[in-house]
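>>> Provided below are the primary sequence and the corresponding predicted coordinates.
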Amino acid sequence: MPEQTDREPLAAASERPGSQRFQRSRRLLTASDFNRVFEQASTRAGTAELFLLAAPTEAPDARIGFIVARKHVRRAVKRNMLKRIVRENFRTLDADYPPLDIIVMARKGADRLSRPQVHEAIRHLLHKLRRRYNQAG
């Protein structure tokens with residue numbers, strides 16, 4: 001008979017206080033979430049390759065969603081890399097964000113950005129978005 005241990009289930013372990021996991025509650029998941037941001041977007045920021053839309057939310061924390069169309073970024077590896085980098089920047093810098101729902105959209109040419117260029121562009125755009133939101137409010 002297997003011996004009982006004091007280990008927590010895997011799902012519970014990843015939600016410990018101080019966990020670095022990007023929580024589901026920090027993501028835009030449903031079509032209605034995305035539609036609301038498109039309809040109520042009050043703040044925008046963009047470059048030639050990336051575009052951010054943001055709308056105020058009732059949620060206590062900022063949330064983020066992605067639109068990376070195959071039309072603009074053909075290879076799945078590159079689409080996933082873009083999303084990972086954006087998610088990581090958002091997660092590590094999230095203490096400074098006002099309560100916004102943010103959509104990150106890849107434009108044509110986003111697949112030509114290197115990893116450092118994506119990091120720099122996202123950091124710059126998130127900073128610009130935060131600054132514009134603070135000026136408007």
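In hand now; what should we look at? Numbers count the residues shown, from 1 in each chain.

>>> Can you show me the helices along this protein?
10-13, 31-40, 76-93, 115-136 (DSSP state H).

>>> other SSEs contacting the last one?
Just to be clear, that refers to helix 115-136. Counting contacts by 3 or more C-beta pairs under 8 Å, 6 or more residues apart in numbering; DSSP states H and E, helix 115-136 packs against strand 43-46, strand 50-56, helix 76-93, strand 100-106. Placement of C-beta: from N, CA and C, glycine included.

>>> Nearest approach to Ala31 belongs to which of the ones you listed?
Closest to Ala31 of those is strand 100-106 (C-beta to C-beta; 12.1 Å).

>>> looking only at pLDDT, what's the mean for the closest one?
Averaging pLDDT along strand 100-106 gives 95.

>>> For that strand, enumerate its sheet partners and note whether each is parallel or antiparallel.
Paired strands of strand 100-106, with direction, are strand 50-56 (antiparallel), strand 63-67 (parallel) (DSSP bridges).

>>> how about the ones you listed in CSV, adding mean pLDDT and mean neighbour count?
Shown next, in CSV, are the strands paired with strand 100-106 (pLDDT from 0 to 100; neighbours: other C-beta atoms under 10 Å):
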stretch, mean pLDDT, mean neighbour count
strand 50-56, 95, 21
strand 63-67, 95, 19
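
>>> Thr92: which of those strands is closest?
strand 63-67 (12.6 Å).

>>> Need the contact partners of the closest one.
Outside of strand 63-67, the residues within contact range by C-beta atoms under 8 Å, 6 or more residues apart in numbering are 25-29, 33-34, 37, 57, 82-83, 86-87, 90, 100-106.

>>> Mind doing that once more with 10 Å?
With C-beta atoms under 10 Å, 6 or more residues apart in numbering as the test, strand 63-67 has contacts from 22-30, 33-34, 37, 51-54, 57, 79, 82-83, 86-87, 89-91, 94, 97, 99-106, 126.

>>> coming back round to it: need the helices and strands packed on helix 115-136 in a markdown table with distance to Arg132, can you?
Listed next are those as a markdown table, based on distance: least, C-beta to C-beta, whole Å:
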| stretch | distance to Arg132 |
| --- | --- |
| strand 43-46 | 5 |
| strand 50-56 | 9 |
| helix 76-93 | 16 |
| strand 100-106 | 11 |
